[in-house]
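Enquirer: What shape does this take:
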Amino acid sequence: MPITISSTPETLSPSQLNRSVKSLLESHFDFVWVEGELSNFAQPSSGHWYFTLKDEGAQVRCAMFRNRNARLRFTPKNGDQLRLRARVSLYEGRGEFQLIGEFMEPAGTGALQAQFEALRDRLREEGLFDTDRKQELPEHARHLAIVTSATGAALQDILQVLERRNPAIRISVLPAMVQGEGAAAELCQALARAAHLAQHRADCDFDAIILARGGGSLEDLWAFNDEQLARAIVNHPLPIVVGVGHEVDFTIADFAADFRAPTPSAAAEVLSDDREELLDALATQRLRLEQAWNQQLQRLQRDLGHLRQRLRHPGSRLREQAQRLDEIELRLKRALISKLEGFKTTLEHQTQRLRAYAPGLRIDRQGEKLATLRRALEGTMNRRLGAAQLQLERQEQLLGNLNPLAILHRGYAVLYDQEGKLVRAARDTRPGENLRAVLGEGELQLGVLGEAGSEDKPS
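Expert: Sure thing, here's the model as predicted:
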């Protein structure tokens, strides 16, 4: 509400006056930065903060409402030196001048932030943060080097994650300071030591390095904003995963790293295989192997079945040969009968012709000729019958030679053990074993006393 000056002064109520002063202050001042010592800090159940910022000569009342202070990563306490970004205002209820805080940080943080941004921009322009120079992380890490404080919570978080996900991973801790003066130098020395061990010791075959620490303020994390540390990370022969602070914390080491993890625990997860996933993958591979084996076994069984069908027993072949011999014999008999009938028909025909001519001399000549033909016919028949008989005997002899049991009639015997397997050698038996002997006529049950010439031979 603007204030006007007239000849007759306007009478204002306290509320009107405070409202006018508040409007004047808020319209005149933009956001301001105020630095001082915090005192009278109060945090009621509403979540709002009320406090005073003071220096040696003055103090100012301040308020920071819950929707603003919830964004901070720390809670201030009395005696802290702070920088407050605020709007100038007036609390109308008491007519008190106050600041409404929008953002708060420890004193000196602004200068550190400026240094951080300047170094970040310079190294980025130099190409240290380029993606194409970053190393790939190992697909299955077996040995990790951890550079962090030996007593910090970050190390315990990393160990717990690795124990849960993949306890088979070997771990080598290279302790170093992670905060305070000299911390950056110690971190550089630990990284150099990791490279030296990996090059000269067979038991230090590191796959990657985890560089980590827990959360904190910008000052707490300042060791990871060191230029020498950034260059050590960039030039390191091993891939480096940096997990510093919380997800909202960024350091120069994060930009220089081959991979930036939001927390130390996340860095451990990035470099470790999930045991359950590995077991699932192993089960899948085992199932595939069993399926492939079963398919191969089925194929071999089919091949074996085909071979068994093609492999014919000798007995079947012998039966086929005997059947064929019978067929040949029948065909031979039918051929002989047919020949004989043909000769008989011819003889009858000649006899009829002879009778038709009847002269005695011709009859005598024809009788002689008939006798000659008869003898020739008988000779031919005898020869053919002999040849057929000889062929029949040869076929019978061949059939007998093919019979595996024919040799038994010559005094030999075939031995079988108790399981019905053929005994081919004396070493296939043992003393006291019962055998079955198949003879040319009948069978015998035998008992083995021992092998001839062996120690089991009876005295």
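
Enquirer: So which residue is smack in the middle of this structure?
Expert: For the chain, Ala281 is the residue whose C-alpha lies nearest the centre (Cα atoms, centre = their mean; 4.3 Å).

Enquirer: next helix or strand past the helix or strand where it lies?
Expert: Following DSSP states H and E, one finds Ala281 within helix 275-310. Downstream of helix 275-310, the next assigned helix or strand under DSSP H and E is helix 314-357.

Enquirer: helix or strand right after the lowest-mean-pLDDT helix or strand in the chain?
Expert: Sorting the helices and strands of the chain by mean pLDDT, DSSP states H and E puts helix 14-28 at the bottom, at a mean of 70. Counting by DSSP H and E, the element after helix 14-28 in chain order, helix or strand, is strand 32-42.

Enquirer: Counting by contacts, list what that following strand packs against.
Expert: strand 49-54, strand 59-64, strand 81-91 (3 or more Cβ pairs under 8 Å, 6 or more residues apart in numbering; DSSP states H and E). C-beta coordinates here come from the backbone N, C-alpha and C atoms, glycine included.

Enquirer: Just want the angle from it to strand 81-91.
Expert: Relative orientation of strand 32-42 and strand 81-91, computed by axes from the mean of the first three to the mean of the last three Cα atoms, to 10 degrees: 90 degrees.

Enquirer: buried set for strand 32-42?
Expert: Val34, Gly36, Glu37, Leu38, Phe41 (16 or more other Cβ atoms under 10 Å).

Enquirer: Quick check: mean pLDDT of that strand?
Expert: Averaging pLDDT along strand 32-42 yields 90.

Enquirer: So in that sheet, which strands flank it, and in what orientation?
Expert: strand 49-54 (antiparallel), strand 81-91 (antiparallel) (DSSP bridges).

Enquirer: chain center to the last one, what's the gap?
Expert: Think strand 81-91. 60 Å (Cα atoms, centre = their mean, to the nearest Å).

Enquirer: CA atoms only: put it into CSV for me.
Expert: Only the C-alpha atoms of strand 81-91 are listed here, as CSV (Å, rounded to 0.1, in the frame of the first residue of the first chain):
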residue,chain,number,x,y,z
GLN,A,81,28.5,-19.7,10.8
LEU,A,82,25.9,-19.7,7.9
ARG,A,83,25.1,-18.0,4.7
LEU,A,84,21.4,-17.4,4.2
ARG,A,85,19.6,-16.5,0.9
ALA,A,86,16.4,-14.8,1.9
ARG,A,87,13.7,-12.3,1.2
VAL,A,88,13.5,-9.1,3.3
SER,A,89,10.1,-9.0,5.0
LEU,A,90,8.2,-7.9,8.2
TYR,A,91,6.2,-10.0,10.6
